[in-house]
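Asks: Quick one, structure for this:
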Amino acid sequence: MAKLLTRDDILSVDDLPKEQVHVKAWGGDVIVRGMTGQERDLWEESIQKRKRDDETFNLENIRAELLSMVLIDTDGKNLFSREDIDALGKKAADPLTLLFDTARRLSGVNEEDVGELAKN
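Replies: Model prediction:
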């Protein structure tokens, strides 16, 4: 039988996966971490809000918005803020997609999840 976890056991575990990714176009590596539950809720809410606000629904800056939450420095601090989303979204699509796909995988978000958010 496995150990029954306590509140302190759960809250003390560093359970956010991290991965260093080489971005050739940018000439270096970036650390990507998985989203927290709170971040995922905020990201999903922003997608659904866009759908409510715009009948045609678009996913403009969906990559940059997610990456602003999960690209971190060696101390675990975010590299970008919400104010940087537009600027980040203007970077080349290939590196953004590479990092977005890594962040999705580390956060347990699959393509079906994104499609479901867009559909709902």
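Asks: for this structure, what spans make up the strands?
Replies: Using DSSP state E, the strands of the chain run over 18-23, 28-33, 71-72.
Asks: would JSON lines of those with distance to I62, mean pLDDT and mean neighbour count be doable?
Replies: Quick note: C-beta positions are derived from backbone N, CA and C, even for glycine. Below are these laid out as JSON lines (distance: least, C-beta to C-beta, whole Å; pLDDT from 0 to 100; neighbours: other C-beta atoms under 10 Å):
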{"stretch": "strand 18-23", "distance to I62": "18", "mean pLDDT": "98", "mean neighbour count": "13"}
{"stretch": "strand 28-33", "distance to I62": "16", "mean pLDDT": "98", "mean neighbour count": "17"}
{"stretch": "strand 71-72", "distance to I62": "15", "mean pLDDT": "98", "mean neighbour count": "18"}
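Asks: now those strands in TSV, with distance to S46?
Replies: Shown next, in TSV, are the strands of the chain (distance: least, C-beta to C-beta, whole Å):
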stretch	distance to S46
strand 18-23	23
strand 28-33	19
strand 71-72	17
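Asks: between those strands, which gets nearest to A103?
Replies: strand 28-33 (5.3 Å; C-beta to C-beta).
Asks: and that closest one with strand 18-23, angle?
Replies: 150 degrees (axes from the mean of the first three to the mean of the last three C-alpha atoms, to 10 degrees).
Asks: which one is H22 nearest to, not counting chain neighbours?
Replies: Spatially, and ignoring its direct neighbours in sequence, H22 is nearest to D29 (5.2 Å; C-beta to C-beta, 6 or more residues apart in numbering).
Asks: Listing request: residues of the protein with sub-threshold pLDDT.
Replies: Scanning the chain for pLDDT under 70 picks out 50-58, 113-120.
Asks: Centroid-nearest residue for it?
Replies: A centroid search over the chain (C-alpha atoms, centre = their mean) returns L66, at 3.6 Å, as the residue closest to the centre.
Asks: I'd like the distance between that residue and P17.
Replies: 15 Å (C-beta to C-beta, to the nearest Å).
Asks: Could you find the closest non-adjacent residue to D94?
Replies: In space, D94 is closest to A25, 6.3 Å off (C-beta to C-beta, 6+ apart).
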